[in-house]
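**Q** Build me a model from this:
(chains A and B)
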Amino acid sequence: MKRRVAFYCGLFWLFFSLITCFEAYRLKLGDIHQPGPGFFPFWTGLFMGVFSLLVLYQAIREREKEDKGGKEEPKRWWNIVIILIALTAYVISLEKIGFLFNTFLFMGLMLKVVYPQSWRTTILGALITAIVANLVFNVLLKAQIPPGILGF
Amino acid sequence: METLQNLLFGFTIAMQPINLLYCFCGVLVGTLIGVLPGIGPPAAISLLLPITFHVPPVSSVIMLAGIMYGAMYGGSTTSILVNIPGEAASVVTCLDGYQMARQGRAGPALGIAAFGSFIAGTISIFLLILLAPTLAHFALRFGPPEYFSLMVLGLSILVYLAKGSILNALIMVCFGLILGSIGLDQMTGVPRFVYKITVLMDGVGLVQVVIGLFGISEVLVNAETIFRQEVFKAKIRGLLPSREDWKRSIGPIGRGSILGFFMGIVPGISVVIPTFVSYALEKKLSKYPEKFGTGMIEGVAGPESANNAASAGALVPMLSLGIPTGAATALLLGALMIFGLRPGPLLIKESPEVFWGVVASLYVGNLMLLILNLPLISLWVKVLRVPYSFLFALILLFCLIGSYTINNNVDDGIIMIVFGLIGYLMRKFDYEAAPLVLGLVLGPMMENALRRSLLISEGNLGVFFLRPLSVVFLIVALFILFSPLFLLKRRLREELRSRE
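**A** Numbers count the residues shown, from 1 in each chain, chains lettered A, B, ... in the order given. Next comes the predicted model:
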C-alpha cells in the first residue's frame, strides 16, 4: 500500500514539475548573464522533476513490506468533506450574510454534525460563540469584519 | 560596555507600559493557544498575527515573541496534565511529566517546567546578546553569492533532519520555492503563475499558508477519528519544587539551556530535536536511567529548558542574518517584513530599537510567564477540560477570522482552505510542512540573491565557488545532502562482507 502511495505521489510531483517547467519557459528564461522571470522556477521545477523520478524509482524497486499492524479504527472521512464545505461556505458568504449570523450558523453546523451534540448545547454554544467572537474581534480589536445584510 | 548600553536601551523600550501590555497579551494568549492540543507556535503566531497589524511594529514583534514563548509553555502544561503534547516540542515532557502528575506531583512538574524555562530563557538571551551582533557584524561581509549559498545550506540541513524521507523533504522545498515565485517578479514586474487571479498578484501569503498547513490540517486529521482526552483530575498542589527537586534539576536545566541554544541556531533542528537530545543526555548521565519514563523530574527539567533555549537560539540567525530556521521564525521574519523591517545584518544598525527591544522583551516575557502562569494553572486546566468536540470548532473559527482579517479579503480564506486540504494530504502521505514553509519564505530571497550574483559576475557560475565563504557553505551543503549515500554504501559493503 505504502509503495503504491509513494508511486502515485511521485507521478503527481513529476507531472507538477513538468507543468512548472513549461509555464516557466513561457515566462522567458533569459540567459545566464541576465536571468529572466522564468529562470528560477524553471530550474526549481527541473530539480523537483529529478527528485520525483527518484521517488518513482525507489517505489518501483522497493519490495512491499508486510502490513503487520492491527485493525485500524475506521476513518470518518465524511467529517473532512463537511468541514471543508462549511469553511468554504463561511468564507464565501461572510461579506453577504455578516459575521455574527455566519458564525452562528457555522458553529451550529460543526457542533451538530461533526461531533454531534444535543440541540440545546448546539444552539447555546453557537450563540455564545458568535456573540463573544463579535465582541472580541469587531468591537475590541476593531477587525472590521463586515456586518452583512442583517446590519450586525 | 556598548552591549550593556544597548541592552539597557532595549529595556527602556520593553518596559514602556504599552509594550509591557502587549508582551503580557502575547504571553497570555500564546499560553492559551499553546494549551490547546495540536496548535503549536507556528499556528499560534499565524492566527494572532493579523491582530498585530493595528499595533506599532516594535510592539507587534514584542507581542509575537511573547506568543511564541507562551505557546511553548502552554504546550508543556497539556503534556503534564493530559499526556497529549500541546505542540511537537512537548512530546518528551509527556514521558515523565504525566507520570509525575499521576503520582500526585503535577505541581512540582509544572513548577520545574516553568522555572527551568525561565532560567534557560535567561541564559539563552545573554548568549543571544553576545552572538547576534557578532554574527551580524560578520555577515556585513556577505554579498549575494554568500547569501544564496547560506540559504542553500540552511535548506539542506533542514532536509537532512527531516523526519521522513529526504526525497520527500526535497520535493517540499522545491514546492515551497515554486510557491514563493507566484506573483509579480521582483526584478521585471512580470506576473508569474497568477492566471488572472487578483489575490495571487502579491504572491501566496505566508500567514494563510501556515494557518492552513498547521491549523486546519490538524483539525481535519483529528476529525477522522474520535478524539479522546483524559485530563488529570486530582487537585494540583504545591507548585514550588522542593530542595531535593532543585538539586536534581539544576544540572539538567543548565545542560538543556546550553544544548538547546546552540542546537536552535541550526536550521531545521527547530525546538523538537534539542528536547529529545536533552532527554537522552539526562538519561545517560543519570544514576537511575531505568527510572526514566516513571516520573523522573530530570526528564521534565532538561527538555523544557532545552526547548525554551532553542527558541531563543533560533532568533540568532533570524535577527542577525535574516535566515529563519523553522516555521515559527519564518513567520516572525514574515511579520517583520510586513511591518517594513528587514531582518539581517543591517537590522541592528538601522533599527536598533527593534532588535534590542525584542531581546529585552524576551526576558520580560519569560519573567511574566513565570510570575503569571503558575497562579493561572487552574485556569489552563479548566481550558483543557473543554471538550474537543467544542474546541475544534473554535480552532476553525479562529483560523477563518485570522485569515480573513489579514487583508479583509475573502480570497485569503480560500487560500487558507486550499492549504488546509494540502496540509491534510501531506500528513496522510508523510510530507513535512516545515520544508515547504521555509522554501516559501526563502524562495524570493534566494532567487534575488541568485539573479544578482549572476548579474554581478556577468553569468559566471564560478562566483559561487571562488568566494571562500560561499564555497564553504556549498561544500557543507553538498556533503550533508549526499552523506546518506555514503552511509548506505558503507552499510551495503559491511552487509556483503558479513555474508561472505
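**Q** could you say which helix or strand contains the closest residue to residue A:146 other than its chain neighbours?
**A** Spatially, and ignoring its direct neighbours in sequence, residue A:146 is nearest to residue A:95 (4.8 Å; Cβ to Cβ, 6 or more residues apart in numbering or on different chains). Bear in mind the C-beta positions are built from the backbone N, C-alpha and C, glycine included. Assigned by DSSP states H and E, residue A:95 belongs to helix A:77-97.
**Q** Tell me who's in contact with the closest residue to residue A:115 other than its chain neighbours.
**A** Nearest in space to residue A:115, with sequence neighbours left out and distances taken as Cβ to Cβ, 6+ apart, is residue B:389 at 3.3 Å. The contact partners of residue B:389, by Cβ atoms under 8 Å, 6 or more residues apart in numbering or on different chains, come to A:111, A:114-115, A:117, B:227.
**Q** any idea which of these has the most stuff around it?
**A** Within these, most neighbours by other Cβ atoms under 10 Å in any protein chain shown means residue A:111, with 24 neighbours.
**Q** Just checking the distance from the helix or strand in which residue B:454 is found to the centre of its chain.
**A** Residue B:454 belongs to helix B:433-456 when assigned by DSSP H and E. Offset of helix B:433-456 from its chain centre (Cα atoms, centre = their mean, to the nearest Å): 20 Å.
**Q** wait, does that helix make contact with chain A?
**A** Yes. Against chain A, helix B:433-456 shows contacts by Cβ under 8 Å from any Cβ of the partner chain at B:443, B:446-447, B:450-451, B:454-455.
**Q** if you skip the residues just before and after it, what's nearest to the residue nearest the centre of chain B?
**A** Nearest to the geometric centre of chain B sits residue B:328, at 3.5 Å (Cα atoms, centre = their mean). Closest residue in space to residue B:328, ignoring its immediate chain neighbours: residue B:41 at 4.3 Å, by Cβ to Cβ, 6+ apart.
**Q** Put the alpha carbons of stretch A:113-127 into PDB.
**A** Provided in PDB are the C-alpha atoms of stretch A:113-127 (Å, rounded to 0.1, in the frame of the first residue of the first chain):
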ATOM      1  CA  VAL A 113     -22.800  17.400  12.600                       C
ATOM      2  CA  VAL A 114     -19.100  16.700  13.100                       C
ATOM      3  CA  TYR A 115     -19.100  15.700  16.800                       C
ATOM      4  CA  PRO A 116     -22.900  15.600  17.400                       C
ATOM      5  CA  GLN A 117     -24.100  17.500  20.500                       C
ATOM      6  CA  SER A 118     -27.600  18.000  21.800                       C
ATOM      7  CA  TRP A 119     -29.700  20.700  20.200                       C
ATOM      8  CA  ARG A 120     -29.600  22.700  23.400                       C
ATOM      9  CA  THR A 121     -25.800  22.600  23.500                       C
ATOM     10  CA  THR A 122     -25.500  23.300  19.800                       C
ATOM     11  CA  ILE A 123     -27.800  26.400  19.900                       C
ATOM     12  CA  LEU A 124     -26.400  27.800  23.100                       C
ATOM     13  CA  GLY A 125     -22.800  27.100  22.100                       C
ATOM     14  CA  ALA A 126     -23.200  28.700  18.700                       C
ATOM     15  CA  LEU A 127     -25.000  31.700  20.000                       C
END
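**Q** For it, which residues meet the burial criterion?
**A** For stretch A:113-127, burial by neighbour count (16 or more other Cβ atoms under 10 Å in any protein chain shown) applies to A:114-115, A:117, A:122-123, A:125-126.
**Q** if we can go back for a sec, mind listing which of the contacts of residue B:389 are in helices?
**A** Of these, none are assigned to helices by DSSP state H.
**Q** Let me have those in JSON lines, adding pLDDT as columns.
**A** Formatted as JSON lines, those follow (pLDDT from 0 to 100):
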{"residue": "A:111", "pLDDT": "90"}
{"residue": "A:114", "pLDDT": "84"}
{"residue": "A:115", "pLDDT": "81"}
{"residue": "A:117", "pLDDT": "85"}
{"residue": "B:227", "pLDDT": "58"}
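**Q** quick one: contacts for residue A:105?
**A** Per Cβ under 8 Å, 6+ apart, neighbours of residue A:105: A:90, A:97, A:126.
**Q** Lowest-confidence one in those?
**A** Among the contacts of residue A:105, residue A:97 has the lowest pLDDT, at 86.
**Q** For that one, give its distance to residue A:106.
**A** For residue A:97, the distance to residue A:106 (Cβ to Cβ, to the nearest Å) stands at 10 Å.
**Q** Likewise for residue B:197?
**A** Distance from residue B:197 to residue A:106, by Cβ to Cβ: 25 Å.
**Q** So for the two, which residue has more residues nearby?
**A** Shown here are residue B:197 and residue A:106; by other Cβ under 10 Å, residue A:106 has more neighbours (24 against 13).
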